[in-house]
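# sequence first, then the predicted structure:
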Amino acid sequence: MDVKHASAGIFAHGHSIPVPTFAADCKGTSLMDVLVTLAIASLLFGIGIPGFQSYLANSQLVSSTNLLSRSLALARSEAVKRETHVVICKSRDQQNCTTAGSWRQGWIIFEDRQPDRQRDKKEPLIFAKTRLPDPVHVDYAAFRSSNFIAFRATGITKTNGTFTLCYNQDADSARALILSKTGRIRLSRTRADGRPLRCPKEK
């Protein structure tokens, strides 16, 4: 049957074709719904950002502390393995030792064959660390020099001291790596004598 003729016949007898009611079934979003959604999103965003920042701060501090601890352990183990003096010192260019600035600018580990606590061109560079993240502050207070630590072939060192690390001068985040003359390192939330830690000042 021809569709055109069938349609004409239906209209002639007074019948109508049902109109789809999709538009009638669709409901719009009210202004109140939008405002409530925005309020919830703002609340979650406000909670999420500080939480993420706190996580990032803790992550950077923990990572820097662990890396420094492993570097000290590496210097000690290399001294024993190579049966010679090995030095870890703060370094600005990751090639030579420096007496300026703090340990946050980076450090190097090298075989000190002289030994003169300075790296010569022929002395092997074992490890080099570039600058720590800017919010992380680190300093070293030692019985002798605070610029380097020299390990003997036995793994011991003549010095003892404390590395203090902090995030954005927040004293609550401070932690210490305490070095003994035996060359061993331990993590602490206080100074060696039990006093509270203080964040190192920027250098």
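Here it is on my side, so go on. This is a predicted model, so every value here is computed, not measured.

# could you point out which element follows the helix or strand harbouring residue 59?
Taking DSSP states H and E as the criterion, residue 59 maps to helix 31-82. On the C-terminal side of helix 31-82, the closest following helix or strand by DSSP H and E is strand 86-90.

# and that following strand, what does it pack onto?
Packing partners of strand 86-90 (3 or more CB pairs under 8 Å, 6 or more residues apart in numbering; DSSP states H and E): helix 31-82, strand 107-111, strand 148-151. Any C-beta I mention is one placed from the backbone N, CA and C, and that applies to glycine too.

# quick one: strands adjacent to it?
Sheet pairing of strand 86-90 (DSSP bridges) gives strand 107-111 (antiparallel), strand 148-151 (antiparallel).

# pull out the buried positions in the helix or strand just after the first one.
In this case it means strand 107-111. As assigned by DSSP H and E, the chain's next helix or strand after strand 107-111 is strand 125-129. Neighbour counts using 16 or more other CB atoms under 10 Å place 126, 129 of strand 125-129 among the buried residues.

# what helices or strands is strand 125-129 leaning on?
helix 31-82, strand 107-111.

# show me what the top strand by length along the chain is packed up against.
For the chain, the strand with the greatest residue count under DSSP state E is strand 170-179. Secondary structure elements in contact with strand 170-179, counted by 3+ CB pairs under 8 Å, 6+ apart, are helix 31-82, strand 161-167, strand 185-188.

# any residues touching stretch 177-185, and which ones?
Stretch 177-185 has contacts (CB atoms under 8 Å, 6 or more residues apart in numbering) with 65, 68-69, 72-73, 76, 142, 149, 151, 155-163, 165, 186-188, 192.

# closest to residue 135 out of the helices and strands packed on strand 125-129?
Nearest to residue 135 among the helices and strands packed on strand 125-129 is helix 31-82 (6.6 Å), distances taken as CB to CB.

# can you tell me the average pLDDT over that closest one?
The average of the pLDDT scores along helix 31-82 is 79.

# tell me how far the residue lying closest to residue 100 once chain neighbours are set aside lies from residue 146.
Closest residue in space to residue 100, ignoring its immediate chain neighbours: residue 92 at 7.3 Å, by CB to CB, 6 or more residues apart in numbering. Distance of residue 92 to residue 146, given as CB to CB, to the nearest Å: 15 Å.
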